[in-house]
Structures are given as structure tokens and as C-alpha cells.
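Peer 1: Take this sequence and fold it.
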Amino acid sequence: MLETRDQFEELLKHARTDVDANYSQHLNPKFAQLLKTTGFDRTYTRGIGALLYDDQGREYIDCIAGHAVHSVGRSHPDVVAALRSALASDHPGWVQFELNPLAALLAKRLSQRMPGDLKHALFTSSGTEAVECALKLARRFTGRDAVLHCDKAFHGLTLGALAANGNPGLRNGFGTLGASLSIPLNNIDALERALASKEYGAFIIEPIQGKTCLPVSDGYLCEATRLCRLHGTLLIVDEIQTGIGRTGKFLAIEHDAGCEPDIVVLSKALSGGYVPVGAVLTRAAIWRKTFESMSKSFIHTSTFQAGTLAMVAALTVLEVHDRERLAERATNLGSILRAGCDEIATRNSAIAEVRGRGLMLGLALEKGALERAVAEIPAIGALEHLLFGQAFAMHLLSPHGILCQVSDSQSNVLKFTPPLVITSDACDRIVRALNETFTKFSGPSGPFVGGIKQVLTNLIR
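Peer 2: Numbering: from 1, shown residues only. This next block holds a predicted model:
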């Protein structure tokens, strides 16, 4: 094992030697430029729990967690041990023509955690792929092609999922997408009017939107369940970011006891932070409509579905979630962050609203007079638009060592999704950093001027 580790370290050392040139020439030069401009171009060498360390030995609290992937923390010893054990075995993965025992066990354990009678599971290699499968099942079952979704919704970027994307900036420029309609979140009247048309095979919704961190209002999903059944539309709940404990329950829909979806999709945290995996859970009647015969048993599949390592990682994550009571931790530690943010918001007009639940929180930022004035200036206004929210994220990263993101540049939402294993001391540190940052930017210069200074520093370093 030591020899194998040495081989990996040597390979990594070689890869880092020319990473700037290789990334810019062969991957994504504009993304590399963005990281350089914002000061996010750091080399992380180690990750443990909720912490990251760079090549200078600096410590960071990871409040992105791979977009909510690392819910059990980075390098969780149980996940690592389970994967090592699987790799050391001679178990043959992807035989394809076999009854996959690990997949069958994971399907059973996930179905036992679902509301209603979501008995059947199909595994995928990503959350987007899980959404694609869910949309296909809905089309097949209902005979309707169109999908209903919410403004600012995010369900992935492949063409099918893109049709259910409520962000025009991500949809535009990719040609004709599938038939869809975007409606306001939490507007029951708009939902009922759309469903009454009998056009939609599925209504897909996030219990807390990934882009805005806006949660569904109390009782909304219960009423959505009733309306979807009344009008023959399937209710698909996207728990890709919120699932597996993040909001204080295993599924975020558990906060609305009346919600009984037809399909639930999972991914991200299910991976354990190591092996990509997604899952689609659905009712038996919906399953039978697509996989209706032996000749149709392969009508939707994937070469890499239900791989050994993915199944082992997911099964281990479920065990860790239960044993370490991660949903309860999300509630308790999320309350520390929420209380701190709420208190800062009462003293600072730059925070318009604190959103989210558990350890999925967003600060909706409000522009001051300076930012609003600068935004109207040609050319400079475009720079202000990019820098306003990002200025807060840059200052939290340096000097405070808090890695977070601006999830939506259109509405400037500062988003926090740390691992559920984060400590109370780390939560206190985040609150102190937020307090200092918002205090700093409440002065005459504001975030725009502060952001300009930070960008210039980043570019000349």
C-alpha cells in the first residue's frame, strides 16, 4: 500500500508541475483565468473532515464541500476503509449479466427511507443522469412530453435536464430544448393553472433551490402532491443537494409530512466524496410502465451504473449517516450558523435575507447606493455586476480561510454547504469571519471598491 501511495504522489507531483499551462491549453482557460482573478487559484494538498490545506500549509474551512458532495467529510475513515477493502478483493464489477448483490442491497436500504411506496431504484453515474432517467420515466408513464419547473431551478446541464432549468443564462444558446414551463416557486395558483392544462408529464422541484437557497414554503409540497395526482402529472423531487441529512432530515421533503412524490432523485453526498453515483427511486406502477417485459428490461441502462466502488461508497455513507447522526448534526450546527447570520443581518443592510435550512444556508446580498450607481455606468457596470457578490467570497477566503461560493450572480447569493461533520468551533469561526467581512464592507468604499483592490492584488502577485 505504501508503494502504491508513493506512485500516486509521484504522479500528482508530475501533474502539478505544468498544471497552469496544461489547464489553460487543454481544459478550460476561462475558468483558469477566473480563479486567478478572484484569488481562488490555490493548490490544495490535503482534505480532512470539513478542512482543506494548501501547499503553503494554510487551513481552510470548506463551505462548498464539492457542491454538497462531501457531506460525511473528506477522507472519512470508514469510506476509505470500505473502498480499500473492495479494491483489494477480486470481486468482478460490471459483469452486466448478473444479479448485482450490492446494487440490490442499496436499492432496498434506500427504498426503506423513502416516503410512500417508492420501491424500485435505478442507479446512475451522476445527478444529472438521474434527472434524465426520471424525466424519461415520467414521459413513458404519462404519455406527456412537457416538464414543469420553477424559476431559478437547477437540475443539471445535459439537454433533457436543461429543459427543466430555470436560469435563462444557462439555457440560452443551446438550440431548441424539450417543451417546458417555468413558474414562480411557492406560488400554488401558478402551479394549479399549469397543471390544469394537462400538458405536463412531470413537475420537478428542489425542496431548497441550489441556486437561490430558497426553500419551499410550509405545506407547498403537500399541496403539490395533491394537485399533481389530480391532474395526472408526476411529482419528481430533486434531493441531489438536500438529501442524506443536509437539512436536518434524511430527505428534505420530510419537513413536509404530506409530500408523497412519485420519483425522488439522489446523488452528491451518496458518493462519500469518492465515487460518483446517482439514484432514482420510484413507484412500482411507474417502473412497470417502462420496464414492462423481459424484452424491455434493458430499455434504460448505463454501462457504468451500479459499479462496485459506487455501491460500496453509498452503502457506507448510509451507515455513517445513521451512526454519526449527521441529520441531527445538520440541525444543531446549522442553528449556530443561522443564528450568527441572522444577528449580523440585523446590523447590516448588505444582507437582504438569510435563507435555507440545516447546513444549506444562503445570504441574499443587497447592493448599497454606491454599487447601484456604479452598476449603471457602461462597461464598469458589467464589472460591478461580477464583483459585488464575489467580493464577499474573496474576503472570506483571504484572510479568513473560509471557502464559499456565490451560487447565483444574478441575485448575489452567498452560499454555505459545509460537510455535516463540521464542528461548532468551525461554525463560530465562520460567523466571526462573516461579521468582520460585512463590517468591513459597510464602510464608505463598499464591496465593489474592496473587490477591485483584491482583484488587482491577485493579478500582480
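Peer 1: For the stretch 201-350 of the chain, give me the ranges with low pLDDT.
Peer 2: Counting by pLDDT under 70, the stretch 201-350 of the chain contains no low-confidence range.
Peer 1: Quick one: the helices in it, in order.
Peer 2: For the stretch 201-350 of the chain, the helices defined by DSSP state H, counting those that start in this stretch cover 220-231, 284-290, 308-323, 326-347.
Peer 1: can you put those helices in a markdown table and add distance to Arg193 and mean neighbour count?
Peer 2: C-beta coordinates here come from the backbone N, C-alpha and C atoms, glycine included. Putting those into a markdown table (distance: least, C-beta to C-beta, whole Å; neighbours: other C-beta atoms under 10 Å) gives the following:
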| stretch | distance to Arg193 | mean neighbour count |
| --- | --- | --- |
| helix 220-231 | 10 | 18 |
| helix 284-290 | 25 | 16 |
| helix 308-323 | 39 | 21 |
| helix 326-347 | 34 | 18 |
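Peer 1: Out of those helices, which is closest to Tyr23?
Peer 2: Smallest distance to Tyr23 across the helices of the stretch 201-350 of the chain (C-beta to C-beta): 26.5 Å, for helix 308-323.
Peer 1: And that closest one, what does it pack against?
Peer 2: Other elements packing on helix 308-323 under the criterion 3 or more C-beta pairs under 8 Å, 6 or more residues apart in numbering; DSSP states H and E are helix 77-88, helix 101-111.
Peer 1: any idea which of these is most buried?
Peer 2: Among the helices and strands packed on helix 308-323, helix 101-111 has the highest mean neighbour count (mean count of other C-beta atoms under 10 Å), at a mean of 17.
Peer 1: Give me the distance between it and the centre of its chain.
Peer 2: Remark: helix 101-111 is offset 23 Å from the chain centroid, using C-alpha atoms, centre = their mean, to the nearest Å.
Peer 1: Also stretch 303-316?
Peer 2: Centroid displacement of stretch 303-316 relative to its chain, using C-alpha atoms, centre = their mean, is 20 Å.
Peer 1: which other residues reach it?
Peer 2: For stretch 303-316, contacts defined as C-beta atoms under 8 Å, 6 or more residues apart in numbering pick out 78-79, 82-83, 85-87, 91, 93-94, 100, 102-103, 105-106, 109, 122-125, 270-272, 274-277, 279.
Peer 1: now swap in stretch 366-384 and tell me
Peer 2: Ser349, Ala350, Ile351, Ala352, His385, Phe388, Asn412, Gly446, Pro447, Phe448, Val449, Ile452.
Peer 1: Next, the buried residues of that stretch.
Peer 2: Judged by neighbour count (16 or more other C-beta atoms under 10 Å), stretch 366-384 contains these buried residues: Glu366, Lys367, Gly368, Glu371, Val374, Ala375, Leu383, Glu384.
Peer 1: could the helices of the stretch 201-350 of the chain be laid out in JSON lines, adding distance to Ala21?
Peer 2: Shown next, in JSON lines, are these (distance: least, C-beta to C-beta, whole Å):
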{"stretch": "helix 220-231", "distance to Ala21": "49"}
{"stretch": "helix 284-290", "distance to Ala21": "47"}
{"stretch": "helix 308-323", "distance to Ala21": "32"}
{"stretch": "helix 326-347", "distance to Ala21": "39"}
